[in-house]
Structures are given as C-alpha cells and as structure tokens.
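S.K.: turn this into a structure:
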Amino acid sequence: MAGDDLLGMIWEALGDDRLTTREATDRLEHLFSYRCPDDLAKTLSKYRRAGRIKGEISMDRGGWIWWADEECRSQEA
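M.R.: Numbering: from 1, shown residues only. Down below sits the predicted model:
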C-alpha cells in the first residue's frame with residue numbers, strides 16, 4: 001500500500017476525534033479491514049514528525065492520542 005493511501009485512511013479513521021493508538025488501530029480495521037503491518041504507533045509517529053497528524057501523550061487516557069486538524073489536512077495526502 002502506498003503511503004499516501006495509508007495517510008488518507010488514517011485521516012478518515014481519525015475523523016474529528018482524538019483517538020488512542022488502540023482506538024485508531026481498531027477503527028482502521030473496522031472501516032477498511034486494514035491492520036498496519038508494523039506497529040501503528042511507529043507509522044503515526046512518522047506522520048506526526050512530518051506534520052501530517054498531531055499527537056501527544058495523555059496521562060488521562062494512558063498513552064498517546066492522535067488527531068488530524070485542518071492544518072494537517074491542508075497538506076497533500
């Protein structure tokens with residue numbers, strides 16, 4: 001799968017929500033029957049460093065949370 005296709009799927013799975021890594025994994029599998037071949041956290045971190053998604057550690061939710069806002073989505077997928 002091309003990286004651009006995966007990024008589009010991740011943006012769609014995140015929607016307007018802030019999801020934990022586990023929730024994002026579950027949503028990708030539910031929406032697209034897709035499970036990331038490597039650890040999804042690594043892929044999400046790569047996209048975060050590139051400015052394609054945002055993420056931060058949430059003590060309340062016990063790990064990383066991820067989201068994509070208009071700034072992220074304004075870049076080409």
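
S.K.: where does pLDDT dip in this protein?
M.R.: By pLDDT under 70, the low-scoring segments of the chain are 1-3, 76-77.

S.K.: how about 90 then?
M.R.: 1-5, 34-39, 75-77 (pLDDT under 90).

S.K.: so where do the strands sit in it?
M.R.: 19-20, 54-58, 63-67 (DSSP state E).

S.K.: so which of the ones you listed comes closest to residue 74?
M.R.: Proximity to residue 74 (CB to CB) singles out strand 54-58 among the strands of the chain, at 12.8 Å. For every residue, glycine as well, the C-beta is placed using N, CA and C.

S.K.: which of the residues in the closest one are buried?
M.R.: Within strand 54-58, the residues that qualify as buried are 54, 55, counting by 16 or more other CB atoms under 10 Å.

S.K.: on that earlier part again, next, format the strands of the chain as CSV and append distance to residue 36.
M.R.: What follows is the strands of the chain, written out as CSV (distance: least, CB to CB, whole Å):
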stretch, distance to residue 36
strand 19-20, 14
strand 54-58, 15
strand 63-67, 13
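
S.K.: for residue 75, which of those strands is the nearest?
M.R.: Short answer: strand 54-58, nearest of the strands of the chain by CB to CB, at 12.3 Å.

S.K.: how much space separates the residue nearest the centre of the chain from residue 60?
M.R.: Closest to where the C-alpha atoms of the chain average out (CA atoms, centre = their mean) is residue 10, at 4.6 Å. With distances taken as CB to CB, to the nearest Å, residue 10 is found 23 Å from residue 60.

S.K.: can you give me phi and psi for residue 39?
M.R.: Main-chain dihedrals, residue 39, degrees, to the nearest 10: phi -60, psi 120.

S.K.: ok, it - how many residues close by?
M.R.: By other CB atoms under 10 Å, 11 other residues sit near residue 39.

S.K.: how much space between it and residue 59?
M.R.: Taken as CB to CB, the span from residue 39 to residue 59 is 21 Å.

S.K.: swap in residue 38?
M.R.: 26 Å.

S.K.: do the same with residue 70
M.R.: Residue 70 sits 27 Å away from residue 59, going by CB to CB.
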